[in-house]
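Asker: Provided below are the primary sequence and the corresponding predicted coordinates.
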Amino acid sequence: MELKSLLEFIRLQRHDFLNHLQVISGFIQMNKGEKAREYLLEVARELERLAKIIHLQVPEATAAFLAALAQGTDLQVEVDYDIQCNLADCSVAGEQVGAALETAFSQAISCLSSPEVANRRLEITLRESEDCYTCRLVFPAVTPCEPLKEKISAVNRLLAGHDGRAEMVEVQKDGESSFEILLVFPRRES
């Protein structure tokens, strides 16, 4: 995991925080207390979503998510995420979880970073079931997928040694083509 990416994320958060303070201050100076309140609630919702990343029980996964947010901001790719678990019982070592997530996130964001890509949106969901955790990445199919498939195959080889897997498919829906990357991390047996 690159420390540079995490430092970039912290820098962006500091910048965002200062911007939020300026906006709130502006609303208050213009006697628009209700607008300031609405804005504060919006910021609080953003921070609540970010807390889901911070509370992941695998620090390397947290680092991978934060690095993806920083990379997405840097390359003007919207990274939308929905985290419904904390990976507390993941049986895959943190280093491998982090490497798998970082590779998948980075490759997806890189695919979306070309100037000719109109819909620069990466959707990430992290869920749990009885026997595993699944991380699903969905984004528009905008580039040839062979190099991407090779990278995801390497992630699959990494996870296979831990009873996990990684796969990538191209999906057609409503005339739109998208890529879907699925990472599966087994849970510890209780």
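Answerer: Happy to help now that I have it.

Asker: what's the distance between the top helix by length along the chain and the middle of its chain?
Answerer: Taking DSSP state H as the criterion, the chain has its longest helix at helix 3-29. Centroid separation for helix 3-29 versus its chain: 19 Å, with Cα atoms, centre = their mean, to the nearest Å.

Asker: quickly find the element holding the residue nearest the centre of the chain.
Answerer: Nearest to the mean C-alpha position of the chain, by Cα atoms, centre = their mean, lies F65 at 4.7 Å. Element membership for F65, per DSSP states H and E: helix 59-74.

Asker: and the next helix or strand past that helix?
Answerer: strand 78-83.

Asker: in the helix or strand that that following strand is followed by, what counts as buried?
Answerer: Helices and strands here follow DSSP H and E; after strand 78-83, the next one along the chain is helix 94-112. The neighbour-count criterion (16 or more other Cβ atoms under 10 Å) identifies 94, 96-112 as the buried residues of helix 94-112. Every residue, glycine included, has its C-beta placed from N, CA and C.

Asker: stretch 125-138 too?
Answerer: Buried-residue list, stretch 125-138, by 16+ other Cβ under 10 Å: 126, 128, 132-138.

Asker: what's in contact with the top strand by length along the chain?
Answerer: Looking across the chain with DSSP state E, the single longest strand is strand 176-186. Around strand 176-186, the neighbours that count as contacts under Cβ atoms under 8 Å, 6 or more residues apart in numbering are 87, 90-92, 97, 100-101, 104, 107-108, 111, 131-141, 145, 148, 152, 155, 159, 162-171.

Asker: low-confidence ranges in the chain?
Answerer: The chain contains residues with pLDDT under 70 at 1-3, 5, 145.
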